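Colleague: Output the structure for:
(chains A and B)
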Amino acid sequence: KAGVTQTPRYLIKTRGQQVTLSCSPISGHRSVSWYQQTPGQGLQFLFEYFSETQRNKGNFPGRFSGRQFSNSRSEMNVSTLELGDSALYLCASSRQTGGQTDTQYFGPGTRLTVL
Amino acid sequence: AQSVTQLDSHVSVSEGTPVLLRCNYSSSYSPSLFWYVQHPNKGLQLLLKYTSAATLVKGINGFEAEFKKSETSFHLTKPSAHMSDAAEYFCVVSALQGGKLIFGQGTELSVKP
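Modeller: This next block holds a predicted model:
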């Protein structure tokens, strides 16, 4: 079974631009969660989508948004990029049977550099 | 609110010696706890998971962890370190609402030959 895939793997953007990252979950998984990883703040939860609906959201500004398609693939968008948005963005998928015990499986991440 | 604290930011061991990575958690309910490993420039790989069944949880690559409610701890151990174990390890608690994981700050494990 194929794992979680993320594209692109690397991105370089300049301040003020916007960027879209893509995540394809494991087949049969309906939930996709996104995380930001930086050396200073560690791993922080951005948001989670299930059946095309955002169910949970972390404490990030509105410049960070996402969506999920009917095939469970998800995209996240960051508008008006700032230098501090440079990070590794990880997506994870799970079956989400409804509880806290579901295991999340992570993709390799997208490394975003903002110049 | 839930949180995890990894007590060591860096641990260094010699190959063949035991590994102990310490994690304390805080949760107002019976938690689900995980350990993930991240090798350089890679995503996160699940090592093991605790979900209120057996308190001693066995994972991949010889790792195991013991859930101790009285001490609110979930320490990760391995009897004998291998060079390939060098990586960053994250202790994680699942939020009550599904889909959100809360990560510790990570412990970098170095293995000396």
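Colleague: show me the contacts for B:Thr77.
Modeller: Neighbouring residues of B:Thr77 by C-beta atoms under 8 Å, 6 or more residues apart in numbering or on different chains: B:18-21, B:63-66. Just so you know, the C-beta spots here come from the backbone N, C-alpha and C atoms, and that holds for glycine as well.
Colleague: rerun that using 6 Å as the cut-off
Modeller: Shown in contact with B:Thr77 (C-beta atoms under 6 Å, 6 or more residues apart in numbering or on different chains): B:20, B:64.
Colleague: Remind me which helix or strand it belongs to.
Modeller: Following DSSP states H and E, one finds B:Thr77 within strand B:73-78.
Colleague: Tell me who's in contact with A:Phe60.
Modeller: Applying C-beta under 6 Å, 6+ apart, the residues near A:Phe60 are A:Leu46.
Colleague: Contact residues of chain A facing chain B?
Modeller: Counting by C-beta under 6 Å from any C-beta of the partner chain, chain A comes close to chain B at A:31, A:33, A:42-43, A:45, A:48, A:55-56, A:96, A:100-101, A:103, A:106-109.
Colleague: okay, which residue is most central for chain B?
Modeller: Closest residue to the average C-alpha location of chain B: B:Trp35 at 3.5 Å, with C-alpha atoms, centre = their mean.
Colleague: Quick check, that residue in contact with B:Leu48.
Modeller: Yes. In this structure B:Trp35 lies within contact range of B:Leu48 using C-beta atoms under 6 Å: 5.4 Å.
Colleague: shared neighbours, those two?
Modeller: B:Ala65.
Colleague: For chain A, give me its nearest residue in chain B.
Modeller: Here the residue of chain B nearest chain A is B:Gly99; by C-beta to the nearest C-beta that distance is 3.3 Å.
Colleague: would you say that residue is within a strand?
Modeller: No. Assessed with DSSP: H, G, I helix; E, B strand; the rest coil, B:Gly99 is coil; it does not lie in a strand.
Colleague: Since that was my last question, I'll sign off now.
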